[in-house]
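1. Need the 3D shape of this:
(one chain, ligands or ions: 3)
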Amino acid sequence: MSAHKAASNVVLIGMPGSGKSTVGVLLAKRMGLGFIDTDLLIQQEAGRTLQEIVDGDGYQALRRIEEKVLLSLDVRGQVISTGGSAVYSEPAMQHLKAGGVVVFLDIPLGLVLERIGDHSARGISRRPDQSLEELFTERFALYSGVADIAIDCVGRNHEEVCEAVLEALAGADS
Ligand SMILES: Nc1ncnc2c1ncn2[C@@H]1O[C@H](COP(=O)(O)OP(=O)(O)O)[C@@H](O)[C@H]1O
Ligand SMILES: O=C(O)C1=C[C@@H](OP(=O)(O)O)[C@@H](O)[C@H](O)C1
Ligand SMILES: [Mg+2]
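-> Ligands and ions are numbered 1, 2, ... in the order given. Prediction:
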C-alpha cells in the first residue's frame with residue numbers, strides 16, 4: 001500500500017503565514033476529510049489565547065503545551081493544520097508522521113513578513129533575541145527535514161496551493 005493510503009491524515013507544516021490554516025480548510029473540503037487546527041486545540045487546552053500564553057509564561061511554555069496537544073492527537077481522516085512552532089518537537093512530529101503525510105507549505109521570508117504583518121500580536125514562539133530572519137533559517141531546515149512533501153507556494157493563491165498539494169499527494173500515491 002502507498003504511503004498516502006496507509007496514512008490517512010494530511011498534516012500541514014510551515015512558517016506562520018504560509019497558509020496552513022486557510023489552505024487546510026480548502027484541502028479538507030476537496031478531499032472529503034475533517035479539519036483540525038491545532039492552534040485552536042492549544043487555546044482550548046490552556047484556556048488562553050496563544051499570545052496570552054507567550055506573554056504570560058514565555059515562548060517555551062507555548063511549545064510545551066503544543067507538544068502535549070500534538071502527542072495526544074489520535075485521529076484519522078483529518079487535514080491537520082499545525083502551528084509554525086510544531087516542528088520543534090521531534091516526538092510530536094514523529095507521531096504526526098506515523099499517522100499521516102506531512103506537507104511543508106514553503107514560502108520565502110519576504111512573504112512571511114508581508115502576510116503576518118505586525119507579528120507582535122501573533123503569538124510567535126521564538127527567543128526574544130531571535131530575529132525573524134534567524135527564526136526563518138532555523139525553521140526552514142527543520143520543516144524540510146521532516147516533510148514528506150514540500151510545496152513551493154510562491155506565485156500561487158490559496159486555491160492553487162490546494163491544487164498543488166492534491167497533485168503532490170496523488171503523485172505520492174501512485
Ligand atoms: N497562497 C496564498 N496567497 C495569498 N495569501 C495567502 C496564501 N496563503 C495564505 N495567505 C494569507 O496569509 C495569511 C495567513 O494565512 P494562514 O492560513 O493563517 O497561515 P498559517 O496558518 O500558516 O499561519 C492569511 O491572511 C491568508 O489569507
Ligand atoms: O510560528 C509560531 O511560532 C507560531 C505560529 C502560530 O500558528 P500559525 O503558524 O498558524 O500562524 C501559533 O502556533 C503560535 O502562535 C506559534
Ligand atoms: Mg494557522
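2. Now the terminal residues of stretch 107-125, how far apart.
-> 18 Å (CA to CA, to the nearest Å).
3. Buried residues of it, list them for me.
-> 107, 111-112, 116, 123-125 (16 or more other CB atoms under 10 Å). In this view, the C-beta of every residue, glycine as well, is placed from N, C-alpha and C.
4. Now render those as JSON lines, adding distance to L40 and secondary structure.
-> Shown next, in JSON lines, are the buried residues of stretch 107-125 (distance: CB to CB, whole Å; DSSP: H, G, I helix; E, B strand; the rest coil):
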{"residue": "I107", "distance to L40": "22", "secondary structure": "coil"}
{"residue": "L111", "distance to L40": "24", "secondary structure": "helix"}
{"residue": "V112", "distance to L40": "21", "secondary structure": "helix"}
{"residue": "I116", "distance to L40": "18", "secondary structure": "helix"}
{"residue": "G123", "distance to L40": "12", "secondary structure": "coil"}
{"residue": "I124", "distance to L40": "17", "secondary structure": "coil"}
{"residue": "S125", "distance to L40": "16", "secondary structure": "coil"}
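5. out of those, which one sits closest to A98?
-> S125 (23.5 Å; CB to CB).
6. Output the helix or strand hosting G56 as CSV, nothing but the C-alphas.
-> Following DSSP states H and E, one finds G56 within helix 50-57. Provided in CSV are the C-alpha atoms of helix 50-57 (Å, rounded to 0.1, in the frame of the first residue of the first chain):
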residue,chain,number,x,y,z
LEU,A,50,-1.7,31.8,22.1
GLN,A,51,-0.5,35.4,22.6
GLU,A,52,-1.5,35.3,26.3
ILE,A,53,0.5,32.1,26.8
VAL,A,54,3.6,33.6,25.2
ASP,A,55,3.1,36.9,27.2
GLY,A,56,2.3,35.2,30.5
ASP,A,57,4.6,32.1,30.5
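7. Which elements pack onto that helix?
-> On a contact count with 3 or more CB pairs under 8 Å, 6 or more residues apart in numbering; DSSP states H and E, helix 50-57 meets helix 38-46, helix 59-71.
8. contacting residues around the residue in the chain positioned nearest to ligand 3?
-> Nearest residue of the chain to ligand 3: S21, at 3.3 Å (CB to the ion). For S21, the contacting residues are 37, 39, 81, by CB atoms under 8 Å, 6 or more residues apart in numbering.
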